[in-house]
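> Next come a sequence and a model predicted from it.
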Amino acid sequence: MALIATMLKKFNYFFHQPEIDLTFPSYALRLNGQTLQIMKASDENISDLLILEEQVYSGKTPWNKFSFESELKKHSNSIYLVVYESSTLVAFVGMRLQAQEGHITNIAVKPSYQHQGIGTYLLNAMIELARKNHAVQMTLEVRVDNDNAKSVYQGLGFKPNFVRKNYYVSEHVDALSMIKKLTDREGEEC
Ligand SMILES: CC(C)(COP(=O)(O)OP(=O)(O)OC[C@H]1O[C@@H](n2cnc3c(N)ncnc32)[C@H](O)[C@@H]1OP(=O)(O)O)[C@@H](O)C(=O)NCCC(=O)NCCS
């Protein structure tokens, strides 16, 4: 029965595709005694995003200015959230919504703010947004050797799906593609 219900929902979706709504009002977030501001990113945040990337990836910027600009232009199906403490960017996350799937494109938390629950909070915010937009699954890619990130994703219910060989070409590193099926309130797959 659950399988038939799932198939009917998917069938219904393709014939009555709801518009994607990526509205995200800014708000203050109290976490571990800190007051952080969470908001939707715009072009104005790109220089801060690049600085944070350098801090996280030992001076490198895997996503350059043009990648961020291009992603932020896709207003209809792509969203970035940024988290500030005062005027300092401390974390960001990106997601693209396509064909009932929320794909996490990028996430980083400033090293001195890691292990405080910010990454988990941001991923949950994206999962919630994907759910509201009728996504049935979440996916992402992570370096096979990034145990820290894999552990966070697993804690949120992401499971290993398959390996993309040599995904990070310049470093000859494989990516693990991970997937999390989303369920409705009754626990059935949407
Ligand atoms: C991966 C990353 C985004 C996680 O962000 P984060 O904010 O550190 O994640 P969280 O704080 O939610 O969770 C990290 C760990 O801290 C723990 N934690 C959460 N709140 C905590 C708290 N208040 N006190 C102590 N530990 C806490 C979590 O349980 C989790 O433990 P686990 O690794 O055993 O699962 C961050 O480490 C990062 O930016 N890494 C570099 C960039 C990167 O690898 N990006 C991912 C590319 S795919």
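Yep, it's here.

> residues touching the nearest residue to Ala175 once chain neighbours are set aside, list them.
Excluding its sequence neighbours, the residue lying closest to Ala175 (C-beta to C-beta, 6 or more residues apart in numbering) is Tyr167, at 3.5 Å. Every residue, glycine included, has its C-beta placed from N, CA and C. Residues in contact with Tyr167 (C-beta atoms under 8 Å, 6 or more residues apart in numbering) are Glu141, Val173, Asp174, Ala175.

> What of Asn45?
Counted by C-beta under 8 Å, 6+ apart, Asn45 has contacts Tyr80, Val82, Leu89, Phe92.

> go again using 7 Å as the cut-off
Val82, Leu89 (C-beta atoms under 7 Å, 6 or more residues apart in numbering).

> try the one 3 residues further on
Taking C-beta under 7 Å, 6+ apart as the criterion, Asp48 is in contact with Leu89.

> Is it in a helix, a strand, or coil?
helix (DSSP: H, G, I helix; E, B strand; the rest coil).

> any idea how far it lies from Asn146?
Asp48 sits 23 Å away from Asn146 when distances are taken as C-beta to C-beta, to the nearest Å.

> could you redo the contacts of Tyr167 as CSV and give each row pLDDT, distance to Ser76 and neighbour count?
What follows is the contacts of Tyr167, written out as CSV (pLDDT from 0 to 100; distance: C-beta to C-beta, whole Å; neighbours: other C-beta atoms under 10 Å):
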residue, pLDDT, distance to Ser76, neighbour count
Glu141, 97, 22, 18
Val173, 93, 32, 14
Asp174, 96, 31, 15
Ala175, 96, 26, 18
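
> What is the nearest of those residues to the ligand?
The closest of those to the ligand turns out to be Glu141 (C-beta to the nearest ligand atom; 6.7 Å).

> Apart from its chain neighbours, what residue comes closest to the closest one?
Using C-beta to C-beta, 6+ apart, the nearest residue to Glu141 is Ala175, at 4.2 Å.

> Repeat that for Ile104.
Leu140 (3.9 Å).

> give me the residue from the protein nearest the ligand.
Using C-beta to the nearest ligand atom, the closest approach of the chain to the ligand is made by Gly119 at 2.3 Å.

> ok, back up a step: kindly reformat the contacts of Tyr167 as CSV containing distance to His103.
Output for these, formatted as CSV (distance: C-beta to C-beta, whole Å):
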residue, distance to His103
Glu141, 9
Val173, 19
Asp174, 18
Ala175, 13
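
> Find the pair from those residues with maximum spatial separation.
Glu141 and Val173 (10.9 Å; C-beta to C-beta).

> Which strand residues bridge the spatially most central residue of the chain?
Compute the mean C-alpha point of the chain, and by C-alpha atoms, centre = their mean the closest residue is Ile104, 3.3 Å away. With DSSP bridges applied, Ile104 shows beta-bridge pairing to Met95, Leu140.
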